[in-house]
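Trainee: Can you look at this prediction? I've put the sequence above it.
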Amino acid sequence: MRSARWRRWPPPGQGVAARKASLGGFDTHSSQPDSHARLLNELADGLGALRAALVEIGRWDGALVMTYAEYGRRPRENLSRGTDHEMARAHFVVGGGVHGGLYGLAPGLSRLDGNGNLPFAVDFRDLHATALEDWWGVDSAPALEGRFKPRGCGRPDAAAPRRRGRSRHDDVLGRRQAA
């Protein structure tokens, strides 16, 4: 059985299992509304399936799932029904020990720079420091070539005892799977 293999890797307290998955197609300079709706549904379905699989094998409470993108999208639509690149971007952090909420400032359309870009509120390296220090227990400075502030959005030991196969963080992913 495939899930039995994953139950053993890594053994509790012996290492970190890290996986990377990719979902492309977000570089939408034209016809963005339909493609982004499809892509965001695909992302939500994939994250929901990952959550369900991790709950099934008893690994959700210790899991940290982070999304990232190499660039964000400007808030103003261009003439082709798309948006152009910018530096600010949304990141999602989910897992059984993750404390839900918004970390950083909410995007403010009144704070656009002269090129129509949103200012970023959280340095992505803060999220990497969160994973390295709060979840994996290692100093992040050597890997990130500097000191960055972990965001304090949870840790693997933050999950309470499970109720009916769910973590205490009844998040969007769990509600989507149940719907």
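Mentor: That came through, no problem.
Trainee: Tell me, how many residues neighbour the nearest residue to Thr67 once chain neighbours are set aside?
Mentor: What sits nearest to Thr67 in space, not counting adjacent residues and going by C-beta to C-beta, 6 or more residues apart in numbering, is Phe92, at 4.4 Å. Quick note: C-beta positions are derived from backbone N, CA and C, even for glycine. Look at Phe92: counted by other C-beta atoms under 10 Å, it has 14 neighbours.
Trainee: Ala143 now?
Mentor: 13.
Trainee: Quick check: it is in a helix.
Mentor: Yes: with DSSP: H, G, I helix; E, B strand; the rest coil as the criterion, Ala143 is part of a helix.
Trainee: My guess is it contacts Leu132. True?
Mentor: Yes: counting by C-beta atoms under 8 Å, Ala143 touches Leu132, with 6.3 Å between them.
Trainee: Longest helix in the protein, please.
Mentor: helix 32-56 (DSSP state H).
Trainee: so what does that helix touch, helix or strand wise?
Mentor: strand 65-66, helix 172-178 (3 or more C-beta pairs under 8 Å, 6 or more residues apart in numbering; DSSP states H and E).
Trainee: mind running it again at 6 Å?
Mentor: helix 172-178 (3 or more C-beta pairs under 6 Å, 6 or more residues apart in numbering; DSSP states H and E).
Trainee: Please determine how far Val138 is located from Leu109.
Mentor: 38 Å (C-beta to C-beta, to the nearest Å).
Trainee: Please read off the pLDDT at Gly104 from the model.
Mentor: Confidence at Gly104, expressed as pLDDT, is 81.
Trainee: that older thread, any idea how far Cys153 is from the residue nearest to Thr67?
Mentor: 11 Å.
Trainee: Next: Ala21.
Mentor: Distance from Ala21 to Cys153, by C-beta to C-beta: 20 Å.
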